[in-house]
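Asks: model this:
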Amino acid sequence: MKIKILLLTDVLKSINGGAERQIYELAKRIDKNRFELYIRILHHIDIPAELKETGVNVQGLGIRRSYGINGILEGFKFSRFLKAEGVDILVSYHFASDIWGTIFGKLAKVPVIISNRRDAGFWRKRRHTVAYKLINRWVDKIVVVSEAVKQMVLRDEIASENKVEVIYNGVEPDKFSINIDIVAKKKELGLPLDSKVVGYVGNFNPIKGHKVLIEVAKSVLNKYPNVYFLLVGDGHLRVSLENAIRNTHDAIRDHILFLGVRKDTPELLQVMDVCVLPSLSEGLSNTLLEYMAAGKPVIATAVGGNPEVIKDKINGILIPPGDPVVLNDNIVNLLENKELAQRLAIEAQKTVSDKFNLTRQIRAMESSLESSIRKNKEVRIMHLISSNGIFGAEKVLLNLASNMNYNGIKSCIGVVNNLHNSHLEVFKEAEERGIPAYVVESKGRFDFGAVRQLERAIIENKINLLHTHNYKANFLGILAARRASVPVIATNHLWTKSGWKLRFYEFIDAIMLKVFVKKIIAVSESVKRDMVLAGIPGSRIKVILNGLDTAEPQNIDREILRDSFGIDKGVKIIGVVSRLSPEKGHKFLFEAIQIIVQKHSGIKLLIIGDGPSKEGLIKEVEHLGISEKVVFAGYQPDMNRIYPIIDILIQPSLREGIPITLLEGMNQSKPIVATDVGGVSELIKDRFTGLLIQPASSAELYNAITALLDDNSLCEKMGQNARKFAQDNFSLEKMINSYRIVYEELAGSNK
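Replies: Residues are numbered from 1 along each chain as shown. All right, here's what the predicted structure looks like:
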């Protein structure tokens, strides 16, 4: 199926201007087997004959004021046309088309909007820059004609760099590198046969520097009376300059020829001995490329994109703008030094042929258009989380993001950095894994400034699906996503129901999920039951069990690792890996350990993790008199190094979803004792993959841990069963495939 593209421009009365010529060449040369082209002209209805001959669907809209009543009514008609025709890409040229077209293109939900910047913004006032800043959030790509223009866009419009693409102008070398009868052409122009000719092709407006060239002409003529200046082009300054020259009594009156707009520019270039471009501002001049393609020595001002084409004294001469003395000296030098002029001309022609030919430009534009539509079809997901470290939910998020950047899905991570309790572990881990990550600074529980930051990140990165991972991420993400018009998917890893404040936040979370979220993932059937009890329709909840990478356990030097924690050889290590918070049930484990050490003195309890309860738990251990038996090891970034030294893994939680810690321990063949809460029973089959006990019971913890300490064969058997069960039922691949189906369904429904 062809890609449908509509080009929208302010004016197109002739094909002589830079943008106008580019539109014409694109209409003539674009691959009609891959693209179907439409052209709309905003401010008039006249259409150049050359454009009609391309066979492209062209229409002049004749809108005088883009934002008058007529402009708005025509805008709605334009929007309906875009929808009816199924236009895939809207490409705008010039300011009015950029703004008007983007607004009504967005209204029509055109998949891709591309805006062009073809000059260095010399004409802009503050209102123009403000308008561009506002409209750029809806633009998918900004095509610029030079690196200089790109820097202007980044600086003034504060556009995202990944939106801006440089596509250099191109010309058709064979059209300008021609052989003509120069004697006959000079006679036609009324030039003496022995005359030297300096030429300038350009519209007559102040920025083009004609006044500087005319000033220079006087001094050149004083030295070389046989030099003539050909000025090709038209514009509002032409009449005043021509009258001023005509009324002078100097020799200059007969040596400056105002030729107007010409169709024989390639032939005129062959008559010229030196070509000049004295502009005060440029994007990337087509005139400059035409000079070079014609094989002429060029003097150009070092403005805009000119230095990206001209390498001084190699393929042309670069001079500062507005300096008649330097321009005069270089014109004289090239008129006198034929060897230099010829060398520059040869290199100029080669530069255009190699880097700035029209075929190359058209192919680059076709590639840009195709890549834009491909990118639009990608599912671009941002995972959002407000985190206190890297725990179960964070590991799921990181695994999803790092394993989903392929086959049409692109993932990035947004991290809410709560300034009162800053944690950027997820951001740093994402960077290490090569996942694009962004920080959203938040000053409080519900910071609307953070909502605006997140909205900008969603728009600038063309996110079409937001995946949130806890109550604060849900709140901020839902508000930002609604402003940015993207759908939200939320994963409920667990409502802990710990303390009145957290219960309140989770109550608000349930309301937000019920009202605003299209699809909610529960990590276990028990988490789904909690949400249904909170009034969320079960039809919108899908259970996707957590998964993990079931790679082989690492081979490490266990004794060195034991030493790092101060644990002697031969001591059995009972490990707990979890956040240090009340719902994790550490206090009941400590009570059990207090009794266990009376029978099994050769044990150590290794506490891995961090959290708000840390100080209280340390005091609890001291109170029970078991400080010598407990090691608080803090957060460990690489748990695959730690599991091998753990002999028995304990999960004493009061509430859980599907604990990643248990899955990791099972994959490491660890004997496990876990409380029967949440989705734990979906992992732990009592006396097969572990021992399942009731929560909040130090007695049951004591009995289960003692049973494993006394029975090595039971430990080994359950460890083997646990690893096989985890690999068969909770693989990372299975989890990712399940999420992929949901992502594609939701992202597709939003297009």
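
Asks: Start and end of stretch 62-70, how far apart?
Replies: Length of stretch 62-70, first residue to last, C-alpha to C-alpha, to the nearest Å: 10 Å.

Asks: Residue nearest the middle of the chain, spatially speaking?
Replies: The centroid of the chain falls nearest to residue 461 when counting by C-alpha atoms, centre = their mean (3.8 Å).

Asks: helix/strand/coil for residue 8?
Replies: Following DSSP: H, G, I helix; E, B strand; the rest coil, residue 8 is assigned to strand.

Asks: If it is in a bridge, with which residues?
Replies: Beta bridges link residue 8 to residue 40, residue 92, judged by DSSP bridges.

Asks: That one and residue 63: what is the separation?
Replies: Using C-beta to C-beta, to the nearest Å, residue 8 is found at 11 Å from residue 63. In this view, the C-beta of every residue, glycine as well, is placed from N, C-alpha and C.

Asks: Mind telling me what element residue 633 is part of?
Replies: strand 630-634 (DSSP states H and E).

Asks: Just give me how far that strand sits from the chain centre.
Replies: Centre-to-centre, strand 630-634 and its host chain are 42 Å apart (C-alpha atoms, centre = their mean, to the nearest Å).

Asks: Now the helix or strand just after that strand: buried residues?
Replies: The helix or strand immediately downstream of strand 630-634 is helix 639-642, counting by DSSP H and E. Within helix 639-642, the residues scored as buried using 16 or more other C-beta atoms under 10 Å are 639, 642.

Asks: Report all helices and strands that helix 639-642 contacts.
Replies: Other elements packing on helix 639-642 under the criterion 3 or more C-beta pairs under 8 Å, 6 or more residues apart in numbering; DSSP states H and E are strand 572-577, strand 603-608.

Asks: Check whether residue 207 really touches residue 279, as I assumed.
Replies: Yes - with contacts counted by C-beta atoms under 8 Å, residue 207 reaches residue 279, the gap being 6.3 Å.

Asks: who's more crowded, those two?
Replies: Counting neighbours by other C-beta atoms under 10 Å for residue 207 and for residue 279 shows that residue 279 has the greater number, 26 against 17.

Asks: what is in contact with residue 8 and residue 63 at once?
Replies: Residues touching both residue 8 and residue 63 (C-beta atoms under 8 Å, 6 or more residues apart in numbering) are residue 42.

Asks: nearest spatial neighbour of residue 204, skipping sequence neighbours?
Replies: The shortest distance from residue 204 to any non-neighbouring residue, by C-beta to C-beta, 6 or more residues apart in numbering, is to residue 235 (3.2 Å).

Asks: So that neighbour belongs to a helix, correct?
Replies: No - Residue 235 sits outside any helix when classified using three-state DSSP, being coil.

Asks: Next, the buried residues of stretch 293-307.
Replies: Of the residues in stretch 293-307, 293-301, 303-307 count as buried by neighbour count, 16+ other C-beta under 10 Å.

Asks: Where helices are concerned, which of these count?
Replies: The helices, defined by DSSP state H, take in 293, 306, 307 from the buried residues of stretch 293-307.

Asks: Any chance of those in a markdown table with pLDDT and distance to residue 444 as columns?
Replies: Shown next, in a markdown table, are these (pLDDT from 0 to 100; distance: C-beta to C-beta, whole Å):
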| residue | pLDDT | distance to residue 444 |
| --- | --- | --- |
| 293 | 97 | 62 |
| 306 | 96 | 51 |
| 307 | 97 | 49 |
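
Asks: Residue 355: which of these is nearest?
Replies: Residue 355 lies nearest to residue 293 out of these, by C-beta to C-beta, at 11.5 Å.

Asks: any idea how far the nearest residue to that closest one once chain neighbours are set aside is from residue 264?
Replies: Of all residues not flanking residue 293 in the chain, residue 176 sits nearest, at 3.9 Å (C-beta to C-beta, 6+ apart). Noted for residue 176: a distance of 12 Å to residue 264, by C-beta to C-beta.

Asks: between those two, which one's more packed in?
Replies: Between residue 176 and residue 264, counting by other C-beta under 10 Å, residue 176 is the more crowded of the two (22 against 13).

Asks: What sits closest to the residue nearest to the centre of the chain if chain neighbours are left out?
Replies: Leaving aside its sequence neighbours, residue 461 sits nearest to residue 412 (C-beta to C-beta, 6+ apart; 6.4 Å).

Asks: Likewise for residue 701?
Replies: Excluding its sequence neighbours, the residue lying closest to residue 701 (C-beta to C-beta, 6+ apart) is residue 592, at 3.8 Å.

Asks: Kindly report the domain assignment for this protein.
Replies: Following automatic domain parsing, the chain resolves into domains at 3-166, 173-356, 378-543, 558-730.

Asks: which one of those has the lowest average pLDDT?
Replies: Lowest mean pLDDT of those: domain 378-543, a mean of 89.

Asks: End to end on it, go ahead and measure it.
Replies: Its start and end residues considered, domain 378-543 measures 25 Å (C-alpha to C-alpha).
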